[in-house]
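Q: sharing a sequence plus its predicted fold:
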Amino acid sequence: MLHRPTSEIIADALAQAIRPPERISLSDWCARNLIVADGPLSGHPWDPDLTPQLCEVLDCLSLDHPCTTVVLRKSAQVGATQIGIGWMLAMIALAPTKAMIIFPTLTSVQDYNREKLQPTIDATAAVRRLVYGQKSRSSAGSTSMVKRFPGGSIILTGANSSVDLRSKTVQIQHRDEIDDWPHDLEGQGDPEEMADARMIAFHALGRYKVFKSSTPTIRGISRIDAAFEKGDQRYWMVRCPHCGHEQRLVFGAGQEHGLKFSHKPPHNAHYVCAGNGCIIEHHEKAELVRGGRWVATNPDGLYPSFHLDALSSLLTTWDKIAEAWVAAKDNPQKLKGFVNLWLGESWEERGEAPEWQQLMARREEWPRNAKPADALLITMAIDVQQDGLFYEVVGWGRDKQSWVLDCGFLPGATADPRAEVWQRLTEIADRRYGDPWGRTWAADVIGVDAGYNTEAVFSWVQRRPNALALKGMPGWFRPALGTPAKMQVSRSGRRRRGKMVWPVGTWPLKSEFYALLRKPGRHAGEEDDPPGYCHFGMWCDERYFKQLTAECLRERESKGRIVKEWVAGGDNHFHDCRIYNMALWSYLGGDRMTDDQWAAIIKQRGAPAEDDLLARAMPEHMAETRRSQRHDSNQINGQSSARTRRRRSGWMDGVL
């Protein structure tokens with residue numbers, strides 16, 4: 001056996017020691033090392049075959065890649081969070097530096113660390129030993145918000161925290177769900193601009209990296225839309241397995257090609273090729289997608305920007321997309337969510353209402369103050385002005401169809417809670433609305449605008465157990481009805497704590513309302529009135545319709561950004577009443593009730609049972625005997641008399 005000279009062995013050892021580390025792409029490193037710690041593949045290695053589109057996104061994130069910004073506009077649940085984690089862990093192992101992960105809020109980033117980041121670090125052997133553990137009373141160890149390792153650290157923070165966004169210097173950043181970031185942070189400016197400033201020290205070297213990822217929200221104010229459009233706008237292109245035509249997968253509504261399906265299950269979703277009309281079945285999807293490639297549609301863009309949606313995702317199916325669309329198509333708010341979450345596209349808010357004359361022309365005949373058979377819930381909203389009170393009473397169906405039961409204006413000074421105008425409002429609030437079977441029903445809930453003459457509003461509201469003080473709030477990302485809070489009111493020049501006020505997210509409701517107004521029904525030749533259709537009685541006059549459609553959506557520039565906001569082109573009091581009524585519908589749970597809950601309400605408030613109809617035709621003493629027998633039966637069946645009284649008075653458990 002030949003023995004190597006000692007000098008040769010030493011030389012080889014030195015060569016190994018000084019040899020540059022193996023050059024490996026980030027996607028290859030993740031495929032070899034990254035262990036998924038969340039979701040259905042928890043505990044398994046990251047598989048690029050499941051998300052083939054994300055390999056190129058990952059490789060662009062390398063500091064060796066010439067770009068400094070990478071953008072991913074995406075639908076929900078396409079694996080983007082996982083590659084963000086993979087990027088950070090590959091950095092720890094291959095090129096440690098200072099990094100920052102920014103989520104919309106501190107709470108969301110804490111959830112991310114607890115459920116995704118830390119479990120992935122613990123499961124991935126290549127970095128587990130590199131990340132310092134938490135050390136008691138030591139700033140050298142890691143915490144839930146800072147991961148420390150040799151050569152660097154990862155800071156986790158929220159876009160709602162100005163401390164980290166103003167005080168840290170980092171080389172790489174993952175800005176997640178940027179469409180949910182505030183546009184102004186505590187009056188100090190745009191948090192994205194603050195995040196940009198954290199990387200100034202690396203500008204001269206040109207070795208810094210920003211990864212922006214988000215599901216888009218509203219067109220015109222979407223951060224990810226603006227970032228995507230500045231980039232080279234890459235789409236995943238696939239070749240038809242039958243004719244070879246290269247195309248981007250699209251939803252296909254209103255087009256000859258695209259995703260097609262039955263509106264009733266089984267949906268049998270399939271794809272119609274844009275080239276030759278070939279039918280691509282779902283079982284061909286995996287091979288189709290894995291054979292695709294990214295194609296830039298704006299080669300002059302400043303950096304790589306990618307669009308990834310559910311149509312080309314192997315984590316869901318075409319049938320699930322069809323199911324989601326069928327469930328959302330008749331509801332403007334759900335349809336908005338479908339466009340954002342499944343198609344990865346921003347939603348175009350339409351700010352124009354139909355012409356008021358068109359709405360007036362479709363009025364229907366039914367008695368004023370009467371409740372149509374399908375109107376199951378009743379809300380009443382009041383808009384307070386200096387010289388009077390505008391009010392609207394609306395009946396709501398299960399599918400959110402609405403009927404105006406009454407509307408009007410009560411003149412009179414409203415500053416004094418003892419004024420006659422408030423007494424007249426009480427009379428109207430006490431009114432009951434008759435149904436086709438001779439029964440009468442009171443309003444389930446009443447909402448009063450507390451933005452003007454607040455003290456008088458509180459005085460009236462506190463005397464009614466079913467009345468709420470409401471306050472309209474601008475902004476696109478507020479819920480229909482928020483969490484109530486104490487409102488500060490002024491009396492005799494002194495500030496004091498007021499009553500509970502419910503904030504109403506008016507801007508999204510305005511967009512939804514105009515979408516509902518545009519729905520065609522039987523008046524336009526449709527077979528039936530669709531869900532959400534708005535019905536108006538003949539007593540609704542020109543003034544009512546002009547105010548109902550008085551607002552529009554306009555764009556303006558604010559701090560270098562184009563913003564969309566609602567503005568009124570005239571008196572809009574009945575418009576405000578309707579927006580508040582929609583918020584009250586949400587308060588009653590109309591958008592959250594189960595089929596069983598609706599069935600109970602229909603049983604109580606819909607067509608009466610046959611014995612009830614017979615009772616109404618009997619002499620009163622016989623009807624009373626029958627009611628007594630039913631009451632005794634209720635007690636025998638274990639139903640309390642209190643529950644029976646609640647049902648007779650028109651209230652249903654679970655509604656309020």
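A: Looks like it arrived, so ask away.
Q: list the contacts of G388.
A: With contacts defined as CB atoms under 8 Å, 6 or more residues apart in numbering, G388 is in contact with F409, L410, P411, G412, T414, V421. Bear in mind the C-beta positions are built from the backbone N, C-alpha and C, glycine included.
Q: and the third one, how close does it get to V404?
A: Plainly put, P411 is 20 Å away from V404 if you go by CB to CB, to the nearest Å.
Q: so between those two, which is more surrounded?
A: V404 (25 against 12; other CB atoms under 10 Å).
Q: which residues sit in contact with the spatially closest residue to C240 that is not a sequence neighbour?
A: Setting aside the residues directly before and after it, C240 is nearest to C273 in space (CB to CB, 6 or more residues apart in numbering), at 4.4 Å. By CB under 8 Å, 6+ apart, the residues touching C273 are C240, H242, C243, H245, Q247, H257, I279, I280.
Q: now the last one: phi and psi?
A: I280 has phi and psi values of phi -110, psi 120 when expressed as degrees, to the nearest 10.
Q: now do it, the pLDDT please.
A: On pLDDT, I280 comes in at 97.
Q: just checking, it touches C240?
A: Yes - counting by CB atoms under 8 Å, C240 is a contact partner of I280 at 6.5 Å.
Q: now list whatever residues contact both of these two.
A: Joint contacts of I280 and C240 (CB under 8 Å, 6+ apart) are C273, L288.
Q: of the contacts of G388, keep whichever come out buried.
A: Buried by 16 or more other CB atoms under 10 Å: F409, L410, G412, T414, V421, out of the contacts of G388.
Q: which residues are in contact with the most centrally placed residue in the chain?
A: Residue closest to the average C-alpha location in the chain (CA atoms, centre = their mean): G337, at 6.0 Å. By CB under 8 Å, 6+ apart, G337 lies in contact with A328.
Q: would you double-check that it falls in a helix?
A: Yes - counting by DSSP: H, G, I helix; E, B strand; the rest coil, G337 is part of a helix.
Q: and it, how far from N331?
A: Counting by CB to CB - G337 and N331 are separated by 9 Å.
Q: on that earlier part again, ok, of the buried ones among the contacts of G388, which one's closest to I428?
A: Distance to I428 across these (CB to CB) is lowest for L410, with 7.6 Å.
Q: would you list the phi and psi of the closest residue in space to G521 that isn't next to it in sequence?
A: Distances taken as CB to CB, 6+ apart place D529 nearest to G521, at 3.9 Å, with adjacent residues excluded. Phi and psi for D529, reported as degrees, to the nearest 10, are phi -80, psi 130.
Q: correct me, but D529 touches L516?
A: No - look at D529 against L516 with CB under 8 Å: they stay out of range, at 11.2 Å.
Q: sorry, back to before: neighbours of the residue nearest to G521, how many?
A: D529: 19 neighbours (other CB under 10 Å).
Q: ok, A328 next?
A: Counted with other CB under 10 Å, A328 comes out at 18.
Q: and the gap between V78 and V394?
A: As judged by CB to CB, V78 and V394 stand 40 Å apart.
Q: returning to what we had before: per-residue confidence for the residue nearest to G521?
A: Value for D529, per-residue pLDDT: 93.
Q: so what's it up against?
A: Per CB under 8 Å, 6+ apart, neighbours of D529: Q401, G521, R522, H535.
Q: at 10 Å instead, please
A: Shown in contact with D529 (CB atoms under 10 Å, 6 or more residues apart in numbering): D374, G397, D399, Q401, K519, P520, G521, R522, H523, H535.
Q: ranges for the strands of the stretch 301-450 of the chain?
A: 305-308, 377-385, 388-396, 402-411, 432-434, 440-442, 445-449 (DSSP state E, counting those that start in this stretch).
Q: next, the buried residues of the second one.
A: Translated: strand 377-385. Across strand 377-385, burial judged by 16+ other CB under 10 Å covers L377, I378, T379, M380, A381, I382, D383, V384.
Q: ok, now the fifth one?
A: Buried residues in strand 432-434, counted by 16+ other CB under 10 Å: Y433.
Q: on contacts alone, who are the packing partners of that strand?
A: strand 440-442 (3 or more CB pairs under 10 Å, 6 or more residues apart in numbering; DSSP states H and E).
Q: need the residues that contact the strand it packs on.
A: Applying CB under 10 Å, 6+ apart, the external contacts of strand 440-442 come out as 369-371, 375-378, 380, 395, 405, 429-435, 466, 605, 649-651.
Q: quick one, which of those are buried?
A: 369-371, 375-378, 380, 395, 405, 429, 433, 435, 605, 650.
Q: among the residues you listed, which one sits closest to A583?
A: The nearest one, if we look at those relative to A583 and count by CB to CB, is M380, at 12.3 Å.
Q: give the bridge partners for the closest one, please.
A: For M380, the beta-bridge partners under DSSP bridges are V393, I446.
Q: my guess is it contacts A443, does it?
A: Yes - contact criterion CB atoms under 10 Å: M380 and A443 qualify, at 4.4 Å.
Q: shared neighbours of the two, anything?
A: By CB under 10 Å, 6+ apart, the residues touching both M380 and A443 are V393, V394, L405, I428, A429, R431, N466, A467, L584.
Q: pLDDT and distance to A600 added to those residues, as CSV?
A: Converted to CSV, the shared contacts of M380 and A443 look like this (pLDDT from 0 to 100; distance: CB to CB, whole Å):
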residue, pLDDT, distance to A600
V393, 98, 23
V394, 98, 21
L405, 97, 22
I428, 97, 29
A429, 97, 26
R431, 97, 25
N466, 94, 19
A467, 96, 24
L584, 97, 20
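Q: of those residues, which is the nearest to S214?
A: L584 (32.6 Å).
Q: now that closest one. Nearest residue, chain neighbours left out?
A: T379 (3.9 Å).
Q: the protein - how does it break down into domains?
A: Split into domains by automatic domain parsing, the chain comes to 22-48+55-214, 356-598, 619-648.
Q: save the ones you listed as JSON lines, and put in distance to L302 too.
A: JSON lines is the format used below for those (distance: least, CB to CB, whole Å):
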{"stretch": "domain 22-48+55-214", "distance to L302": "7"}
{"stretch": "domain 356-598", "distance to L302": "17"}
{"stretch": "domain 619-648", "distance to L302": "64"}
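Q: nearest to G291, of the ones you listed?
A: Closest to G291 of these, according to CB to CB: domain 22-48+55-214, at 13.7 Å.
Q: could you give the mean pLDDT of that closest one?
A: When pLDDT is averaged along domain 22-48+55-214, the result is 91.
Q: before we move on, what about stretch 364-371?
A: Summarised as a single mean, pLDDT over stretch 364-371 is 94.
Q: now do that stretch: everything it contacts.
A: If you take CB under 10 Å, 6+ apart as the criterion, stretch 364-371 is touched by 372, 375, 377-378, 393, 395, 403-408, 428, 431-436, 439-441, 521-523, 535-540, 605.
Q: which SS state does D300 fall under?
A: Under three-state DSSP, D300 comes out as coil.
Q: and the residue nearest to it when sequence neighbours are not counted, what's its pLDDT?
A: Distances taken as CB to CB, 6+ apart put D232 closest to D300, at 7.6 Å, once the chain neighbours are dropped. Per-residue confidence at D232 stands at 97 (pLDDT).
Q: number of residues surrounding D232?
A: By other CB under 10 Å, neighbour count at D232 equals 20.
Q: need the contact list for R478.
A: G472, P503, V504, G505, T506, W507, P508, L509.
Q: may I ask which of the residues you listed has the most neighbours?
A: V504 (28 neighbours).
Q: thanks a lot, catch you later.
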